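**Student:** coords please:
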Amino acid sequence: MKTVLTTLAVLLASLPAQAASFSDNPIVYFAVTDRFANGNPGNDHAYGRSADPEGGDIGSFHGGDIAGITEKLKAGWFKELGVNALWITAPYEQIHGWVVGGKQQFRHYAYHGYWALDYTTMDANMGTREELREMINTAHAQGIRVLFDVVLNHPGYADLRTLAEYKVPVLWPGHEQATLRDYHSFIDYNNFEFKQWWGPDWVRAGLPGYREGGQDDYTMQLAYLPDFRTESGKAVDLPPILQRKNDTRAVARPDTTVRSYLVGWLADWVREFGVDGFRADTVKHVEPASWLALRAAATEALADWKARHPKQAIDDAPFWMTGEAWGHGPERSSWHDAGFDSMINFDFQHRAGGGWKAIDGVYRQYAQLLGQGPRYDILSYISSHDTSLFPRDQLKHGLSALLLAPGGVQLFYGDESGRLPGTAPAGDEQQATRSDMNWTSLDSAMLAHAHKLGQFRLRHAALARGEHRLNSEAPYAFARVTADDRVIVAPDAQGAITLKVHGVFADGATVRDAYSNQIYTVSNGAVAINATGTVLLETTTP
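**Tutor:** You can find the predicted model right below:
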């Protein structure tokens with residue numbers, strides 16, 4: 001046994017080290033922090049947030065936090081998956097209360113991080129600044145970048161609890177007993193004292209004294225949320241609600257616009273903690289100039305943090321941003337010139353469930369698009385918090401399709417472990433995608449499959465950036481080749497097969513199937529393999 005382990009160690013040591021930069025091969029893991037892991041139960045009910053007696057806790061806070069992510073980092077969960085970036089939901093402070101969810105079915109809290117109250121403070125349900133610092137340092141020590149989900153388009157709704165706590169005098173008596181059916185009857189929507197909320201210089205809100213939302217993407221109110229006036233050149237004071245918030249870190253600055261405040265607040269997280277990148281929400285609803293300003297400020301902030309923390313920095317790579325513009329596909333767009341290294345690819349999810357012949361066409365299309373200049377990237381997924389989960393009875397196929405795809409890839413928490421969907425209330429079916437992580441019912445076979453694919457991908461930027469070549473139709477096999485990296489993959493192969501490798505691996509070369517850990521020698525332009533479900537061929541020498 002000792003001899004076998006020693007031989008394996010030698011073989012692994014001889015494999016090519018990861019040479020590509022993160023931007024060449026992003027492997028992103030997206031965790032909805034509140035639904036992932038509860039590392040500190042003491043913060044579960046911050047701000048009086050509680051369980052939902054009416055709606056079965058579909059939209060309430062479930063307890064996941066930054067400390068839970070740190071626990072899983074220390075346990076090697078992400079490292080074993082080959083992940084090189086961790087995307088977490090926004091940890092800054094959200095509105096404190098709930099709003100009516102679905103068709104008056106559940107209390108919807110801001111557990112997802114999209115309804116900001118204060119961009120400068122930690123949300124107490126997520127943890128403390130010290131816990132965030134420990135999490136990011138732990139990730140960096142493993143070569144894993146940390147990405148924040150950020151929103152530049154809107155703050156949160158005017159919910160009953162937040163309005164009451166910060167004494168915005170627009171509530172009717174008895175609002176503390178509001179239910180799903182009478183919630184809005186306790187808010188005086190005709191009251192001009194709404195000026196004491198964000199204020200009309202900050203947002204469009206359709207409330208007394210505020211501008212209505214516009215008709216174009218940049219000025220509309222998305223889902224009735226207040227729309228930040230990021231395009232305005234007017235200097236503003238702090239919003240009234242933050243002026244009355246004792247624990248805010250926001251400071252009034254002279255000659256500062258809405259855009260400059262928001263950009264500065266978000267860049268401050270980068271400067272203090274070394275956040276490596278942002279996943280930007282609702283990109284097409286904010287003008288490009290604001291995204292360019294955010295990218296510039298965050299890039300400067302990260303360079304500053306790295307200069308002050310050289311031992312905690314992974315490398316000297318610049319700040320990285322990916323963006324969500326609903327419906328964006330694999331093509332290059334103007335958003336790639338607005339500060340974004342990549343754009344989330346909505347095209348892949350519905351195409352990943354096809355047969356390998358169809359998927360080969362997708363791979364070829366993506367590789368050709370990404371090979372054209374100027375350089376750009378995409379971030380593909382099979383499951384998402386705002387679309388759907390990939391069919392659970394096809395998940396092994398979906399993981400293979402995703403983790404072998406050209407361009408950047410994004411795993412959604414639980415795809416690697418068979419997490420099942422939750423309740424899908426009418427009017428907000430996407431809530432089903434955000435069930436709690438299935439720590440007590442992990443699919444071990446699925447997890448092993450994801451580990452092998454993820455580790456292989458991490459070693460081979462050719463999968464992300466290489467020329468795509470069809471090798472065989474039966475079994476389906478392809479090569480992905482760059483100037484300094486090359487692989488051959490048969491994602492659905494079983495038993496004794498012969499793979500042609502001419503033009504990829506030379507005769508006499510020793511290759512390893514990273515899925516079965518078997519070693520083979522190329523002879524007459526081919527390799528005879530005993531496949532165990534998937535074949536991942538790589539050379540054993542640099």
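**Student:** in the stretch 251-400 of the chain, which spans are helices?
**Tutor:** Assigned by DSSP state H, counting those that start in this stretch, the stretch 251-400 of the chain shows helices spanning 258-273, 288-308, 356-370, 395-403.
**Student:** nearest to Thr510, out of those helices?
**Tutor:** helix 395-403 (24.4 Å; Cβ to Cβ). Yep, even glycine has a C-beta here, placed from its N, CA and C like the rest.
**Student:** elements contacting the helix or strand just after the closest one?
**Tutor:** Scanning forward in sequence from helix 395-403 by DSSP states H and E, the next helix or strand is strand 408-412. The contact analysis (3 or more Cβ pairs under 8 Å, 6 or more residues apart in numbering; DSSP states H and E) places strand 408-412 against strand 27-31, strand 377-380, helix 395-403, helix 444-459.
**Student:** just the buried residues of the next helix or strand after the longest one, please?
**Tutor:** Yep, that's helix 444-459 we're talking about. Where DSSP H and E defines the elements, the next helix or strand beyond helix 444-459 is helix 462-465. By 16 or more other Cβ atoms under 10 Å, the buried positions in helix 462-465 come out as 462-465.
**Student:** name the nearest of those residues relative to Ala477.
**Tutor:** Using Cβ to Cβ, the shortest approach to Ala477 within the buried residues of helix 462-465 belongs to Leu463, at 13.8 Å.
**Student:** what ranges do the strands span in the stretch 201-350 of the chain?
**Tutor:** Counting by DSSP state E, counting those that start in this stretch, the stretch 201-350 of the chain has these strands, from start to end: 203-204, 227-228, 277-280, 320-323, 342-345.
**Student:** about what we covered before: in a markdown table: the helices of the stretch 251-400 of the chain, plus mean pLDDT, distance to Val100 and mean neighbour count.
**Tutor:** Output for these, formatted as a markdown table (pLDDT from 0 to 100; distance: least, Cβ to Cβ, whole Å; neighbours: other Cβ atoms under 10 Å):
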| stretch | mean pLDDT | distance to Val100 | mean neighbour count |
| --- | --- | --- | --- |
| helix 258-273 | 98 | 27 | 21 |
| helix 288-308 | 98 | 30 | 18 |
| helix 356-370 | 98 | 40 | 18 |
| helix 395-403 | 98 | 33 | 22 |
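**Student:** in TSV, list these along with distance to Lys195.
**Tutor:** Listed next are the helices of the stretch 251-400 of the chain as TSV, based on distance: least, Cβ to Cβ, whole Å:
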stretch	distance to Lys195
helix 258-273	16
helix 288-308	24
helix 356-370	49
helix 395-403	48
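**Student:** where in the protein is pLDDT low?
**Tutor:** Applying pLDDT under 70 to the chain flags the ranges 1-19, 542.
**Student:** redo the strands of the stretch 201-350 of the chain as a markdown table? Include mean neighbour count and distance to Ala297.
**Tutor:** Listed next are those as a markdown table, based on neighbours: other Cβ atoms under 10 Å; distance: least, Cβ to Cβ, whole Å:
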| stretch | mean neighbour count | distance to Ala297 |
| --- | --- | --- |
| strand 203-204 | 22 | 21 |
| strand 227-228 | 25 | 16 |
| strand 277-280 | 28 | 11 |
| strand 320-323 | 24 | 12 |
| strand 342-345 | 24 | 19 |
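**Student:** any chance of those in CSV, plus distance to Leu294?
**Tutor:** Listed next are these as CSV, based on distance: least, Cβ to Cβ, whole Å:
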stretch, distance to Leu294
strand 203-204, 18
strand 227-228, 12
strand 277-280, 7
strand 320-323, 8
strand 342-345, 15
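**Student:** which one of those strands lies closest to Ser23?
**Tutor:** Closest approach to Ser23 among the strands of the stretch 201-350 of the chain (Cβ to Cβ): strand 320-323, 6.3 Å.
**Student:** within its sheet, name the partner strands of that closest one and how each one runs.
**Tutor:** Using DSSP bridges, strand 320-323 pairs in its sheet with strand 277-280 (parallel), strand 342-345 (parallel).
**Student:** how about residues contacting it?
**Tutor:** Strand 320-323 has contacts (Cβ atoms under 8 Å, 6 or more residues apart in numbering) with 22-23, 26, 28, 145, 147, 276-280, 283, 291, 294-295, 298, 335, 339-344, 379, 408.
**Student:** same thing with stretch 461-469?
**Tutor:** With Cβ under 8 Å, 6+ apart, stretch 461-469 has contacts from 18-20, 24-26, 363-364, 366-368, 370-371, 403-409, 456-457, 478-482, 485-487, 489, 503-504.
**Student:** derive a PyMOL selection command for the buried subset of these.
**Tutor:** Listed next is the PyMOL selection for buried residues among the contacts of stretch 461-469, using 16+ other Cβ under 10 Å:
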select buried, resi 18+20+24+25+26+363+364+366+367+370+403+404+405+406+407+408+409+456+457+478+479+480+481+482+485+486+487+489+504
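**Student:** sorry, back to before: out of the strands of the stretch 201-350 of the chain, which is closest to Thr256?
**Tutor:** Here strand 227-228 is closest among the strands of the stretch 201-350 of the chain (Cβ to Cβ), at 13.7 Å.
**Student:** re earlier: for Glu176, which of the helices of the stretch 251-400 of the chain is the nearest?
**Tutor:** Between Glu176 and the helices of the stretch 251-400 of the chain, the shortest separation by Cβ to Cβ is 31.0 Å, and it involves helix 258-273.
**Student:** helices or strands up against that closest one?
**Tutor:** If contacts are counted by 3+ Cβ pairs under 8 Å, 6+ apart, helix 258-273 sits against strand 116-122, helix 129-141, strand 145-150, helix 288-308.
**Student:** how about the second one: buried residues?
**Tutor:** Yep, that's helix 129-141 we're talking about. By neighbour count on 16+ other Cβ under 10 Å, the buried set for helix 129-141 is 131-132, 134-140.
**Student:** Ala490 is in contact with Ala477, correct?
**Tutor:** Yes. Counting by Cβ atoms under 8 Å, Ala477 does reach Ala490; the two are 4.0 Å apart.
**Student:** give me the common contacts of these two.
**Tutor:** Here Ala477 and Ala490 have 499, 535 as joint contacts, going by Cβ under 8 Å, 6+ apart.
**Student:** skipping adjacent residues, who's closest to Glu300 in space?
**Tutor:** With Cβ to Cβ, 6 or more residues apart in numbering as the criterion, Glu300 has its nearest non-adjacent residue at 7.5 Å, and that residue is Ala267.
**Student:** which residues does that neighbour contact?
**Tutor:** 294, 297-298, 300-301.
**Student:** one more: His45?
**Tutor:** With Cβ under 8 Å, 6+ apart, His45 has these contacts: Phe61.
**Student:** do you know how far it is from Gly63?
**Tutor:** His45 sits 9 Å away from Gly63, going by Cβ to Cβ, to the nearest Å.
**Student:** so how far is stretch 150-162 from its chain's centroid?
**Tutor:** A distance of 20 Å separates the centroid of the chain from that of stretch 150-162, by Cα atoms, centre = their mean, to the nearest Å.
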